[in-house]
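>>> Next come a sequence and a model predicted from it.
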Amino acid sequence: EDNIPQLEDVSNFLRSCTGFRLRPVAGLLSSRDFLAGLAFRVFHSTQYIRHSSRPMYTPEPDVCHELLGHVPLFADPSFAQFSQEIGLASLGAPDEFIEKLATVYWFTVEFGLCKEGSGIKAYGAGLLSSFGELQYCLSEKPTIEPLTLEKTAVQKYPVTEFQPVYYVAESFKDAKQKLRKYASTIPRPFTVRYNPYTQRIEVLDNAKQLKNLADSISNEMGLLCNALQKIQ
């Protein structure tokens, strides 16, 4: 109540929730560098604040956007996993697919919509941190299209004004499933996974690593079966 938390304080809290960390940057990164950070559960965050003449909208991400839009979502395990999977899909991907993944990120993590009951809700950080665009996206002014990543990935978009097009998923679970299916089509010479114990990316390219992964999955399945038996 008596102080403004520093970015490190917020990062430490976020890390205790999902393992994600905030790393300060002075401005925009390349798409490849930004997405690679997500693979390691690192979100590159700006620290400057929008100009007082435009409090409702900023064409560039500022600290209001990061803390009001992204941080609460990264504290949710399901959303954190979704974001990390976009990052993992970018590792080793050809340049053309990096731009497609960045566009997928734009229309989901930044400006995503999903159905909930009979209505449509916003989950994108760019919407949650912009009072003006949040009202606009749920009005009759923009075009609302179903989330189809093959189409979404090549959609052009403006960065200095409200979006003319938004994509809506049937549910957040639906968006995650579509991302995994799309990621499997990216041509890469290897498969990667994030090891939460070492906080490193492992390239699965030999029998030993595959065995270690299988053992880990087996242990988790054992825990799941044991838990299910106790709640029946």
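Nice, I can see it.

>>> Sort out which residues of the lengthiest helix in the chain are buried, please.
Ordering each helix of the chain by length in residues (DSSP state H) puts helix 207-231 first. By 16 or more other CB atoms under 10 Å, helix 207-231 has no buried positions at all. Every C-beta, even on glycine, is put in place using the N, C-alpha and C of the backbone.

>>> Ok, stretch 110-118 next?
Here stretch 110-118 shows 110-114 as buried, counting by 16+ other CB under 10 Å.

>>> Same question for stretch 152-171.
Going by neighbour count (16+ other CB under 10 Å), the buried part of stretch 152-171 is 152-153, 155, 162-163, 166-169.

>>> swap in stretch 181-199?
Buried-residue list, stretch 181-199, by 16+ other CB under 10 Å: 182-183, 186, 191, 194.

>>> what sits up against it?
By CB atoms under 8 Å, 6 or more residues apart in numbering, the residues outside stretch 181-199 that reach it are 19, 39-41, 84-86, 88-89, 91-94, 97, 101, 104, 149-150, 153, 200-205, 213.

>>> go again using 7 Å as the cut-off
For stretch 181-199, the external contacting residues (CB atoms under 7 Å, 6 or more residues apart in numbering) are 19, 39, 84-85, 88-89, 91-94, 97, 149, 201-205, 213.

>>> distance between the ends of that stretch?
25 Å (CA to CA, to the nearest Å).

>>> average model confidence for it?
In this model, stretch 181-199 has a mean pLDDT of 89.

>>> circling back to that earlier point, so which of the contacts of stretch 181-199 sit within strands?
201-203 (DSSP state E).
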